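Participant: make a model of this:
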Amino acid sequence: MIVLQGRPAMPAQRSFAQDGLTAGRRLVYNAPMDLPTTLLYSILSSIIEAALTPSPDTQVLHEPMAMARALPEQAKQGVLQPPTGDGFLTINGQQWPLAPTAQFRNRQNLLVLPIQIQDPVEVVYLPDTSGAIYRVWMLTPSEASVSRPR
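Facilitator: Numbering: from 1, shown residues only. Here you go, the predicted structure:
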């Protein structure tokens with residue numbers, strides 16, 4: 001205990017009465033929000049998310065500015081269903097094994113994971129010597145209009 005000028009020093013203790021807050025009105029930072037606040041927050045966040053999400057037709061808008069890709073002549077064209085993750089692809093209704101070294105390229109010619117494909121998409125693809133698909137290119141509308149073997 002510290003003694004100053006003959007009397008013990010008391011640690012600074014603040015009561016709720018000094019802060020102007022009672023025990024029932026104390027601020028709690030992890031308390032649940034009331035219902036109107038929760039609804040307002042939910043509505044506003046969904047509006048903001050919808051405004052910031054790009055439209056699905058952005059590929060068509062940027063297509064004229066994209067450089068033409070040199071797709072292999074021997075590549076076959078088809079409609080790829082979203083992959084299920086079981087090691088097989090469904091193209092034009094036919095099951096194909098997926099090669100361990102497979103590469104999927106999107107419309108901007110960037111590598112993507114097969115699980116990122118959520119909708120049926122027009123593609124050109126190359127099978128390897130064992131018949132497994134090892135290269136897939138998703139086509140833009142202008143690339144899809146060029147006829148290729150199916």
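Participant: just confirm Thr90 is within a strand.
Facilitator: Yes. Under DSSP: H, G, I helix; E, B strand; the rest coil, Thr90 falls within a strand.
Participant: so it touches Leu80, yeah?
Facilitator: Yes. Shown here, Thr90 and Leu80 form a contact pair, counting by C-beta atoms under 8 Å, at 7.3 Å. From N, CA and C alone the C-beta is placed, and that goes for glycine too.
Participant: looking at the two, which one has more neighbours?
Facilitator: Leu80 (24 against 16; other C-beta atoms under 10 Å).
Participant: ok, so what distance separates that one from Val124?
Facilitator: According to C-beta to C-beta, to the nearest Å, Leu80 stands 10 Å off from Val124.
Participant: ditto for Arg69
Facilitator: Counting by C-beta to C-beta, the gap from Arg69 to Val124 is 10 Å.
Participant: between these two, who's got more neighbours?
Facilitator: More neighbours surround Val124 than the other of Arg69 and Val124, with 24 against 14 (other C-beta under 10 Å).
Participant: that one falls within a strand, correct?
Facilitator: Yes. Assessed by three-state DSSP, Val124 belongs to a strand.
Participant: please report the distance of it from Asp86.
Facilitator: As judged by C-beta to C-beta, Val124 and Asp86 stand 23 Å apart.
Participant: nice, that's everything, thank you.
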